[in-house]
Every structure is written in C-alpha cells, then in structure tokens.
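Colleague: Based on what follows, work out the 3D shape:
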Amino acid sequence: MAGKTAKPATANSAPAPEPEVKAAKSEATTSEARTRFNAALDEAKAGAAALRDETRQKASAYADDAKARSEDWAGEAKVKAGELATEGKNKAGEALGNLSRMVDENAASIDEKFGEKYGDYARSASRSMQNTANTLNEKSVEELGEDAREYVRRNPGKSVGIAVVAGYLLSRLFRR
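Modeller: Down below sits the predicted model:
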C-alpha cells in the first residue's frame, strides 16, 4: 500500500460552507452574545443599585433606632445618677449631723481629760460639722455642684491639692 487516497464524495455529504458564510454566522453569534451580556450586566447593575438603596434604608432605620435607644438610656442614666447623688447627699448630711452630735456630747469629757481649750476646739468642730450638715440638707445637688465649681474657680491650687489628697485616701481605702 503506497498511501492513502481521498474518498470520493458521496451524495449524503454536504459541501463545505464557504468562509464568508462562516464569518457572518460567527459575527451574528458574537453580536447576540454581546447583547445578552450587556443586558445581563445592566440587570446586575440595577440589582446592585436596588440592594444599595435597600441597605441604605435599613442602615438608616437601624441608626435611628440606635440613636433613640441611646437617648433613652442616657436619660435613664441621668435620672438614676440624680437619684443616687441626692441619696448620697442625704446620707452624708445625716452622717455629719450624727458625728457632730457625738463630738458635742464628748466635749465635756475632753474638757476634763485635756483641758477646756481642747474641749472648745471640739465644740467648734461640732458646730462646723453641724453647719455643713445643715447646708447639705438645705441645698439641692445642683446648687452644691455650682458651689463646688465656684470654689474651684476661686481656689484652683487648693482644689487640686484637695483632689490629690482625696484620691490618695480613696486609693488607700480601696486597696485593702
């Protein structure tokens, strides 16, 4: 066998398409694919825009809800802080009044043990504590806060010193 020979054309086989027809079909298919791709791309863009708008609306609703809740919590915290401050003020006034009475009751024994001069100091301290207790009982928390701010404005050095000593005492108290 010397080589392959070409098969004769049969009646059933179709002639090969011409290159021009093939190019036209390919161009039509490409154009249709582009059209479909662009339509799908436009649809995806529209879907993304709709999702973005929906997300913005939900985020805005959540932000409004969070803001309302935080305002409610802040209001509740402010009320509770006011109640606690008033309660603390009342307890401090009561404690100072009790301490004043105790010092005043013991002033006579201080006179006997240490002398009248020290008994007078005790009575003076007792009056001062009683005046402070009366002031605490008579004024509101807001008035006391304003008095404290005014004192700090007039005496900044003393205020810092008092704050340092108070901080030191509190740290020592809570360390144990």
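
Colleague: Just say helix, strand or coil for the residue lying closest to Ser140 once chain neighbours are set aside.
Modeller: Nearest non-adjacent residue to Ser140, counting by Cβ to Cβ, 6 or more residues apart in numbering: Thr86, 7.9 Å away. Where C-beta positions appear, they are placed from N, C-alpha and C, glycine not excepted. In the three-state summary, Thr86 is assigned as helix, counting by DSSP: H, G, I helix; E, B strand; the rest coil.

Colleague: neighbours of Thr86, just the number please.
Modeller: 12 (other Cβ atoms under 10 Å).

Colleague: That one is in contact with Val141, isn't it?
Modeller: Yes - using Cβ atoms under 8 Å, Thr86 is in contact with Val141, at 5.6 Å.

Colleague: and Asn155, what are its phi and psi?
Modeller: Asn155 adopts backbone torsions of phi -130, psi 70, taken as degrees, to the nearest 10.

Colleague: Tell me which residues touch it, please.
Modeller: Contacts of Asn155 were listed using Cβ atoms under 8 Å, 6 or more residues apart in numbering, and none were found.

Colleague: from here on, count from 32
Modeller: Yes, from this point I'll number from 32; that puts the last item at Asn186.

Colleague: Distance check, it against Ala75.
Modeller: From Asn186 over to Ala75 the distance is 70 Å, taken as Cβ to Cβ, to the nearest Å.

Colleague: How about Leu82?
Modeller: 10 Å.

Colleague: what do you get for Arg87?
Modeller: 19 Å.

Colleague: Could you tell me how many residues sit around the residue nearest to Thr163 when sequence neighbours are not counted?
Modeller: Nearest residue to Thr163, sequence neighbours excluded (Cβ to Cβ, 6+ apart): Leu127, at 5.6 Å. By other Cβ under 10 Å, 20 other residues sit near Leu127.

Colleague: Thanks a lot, see you next time.
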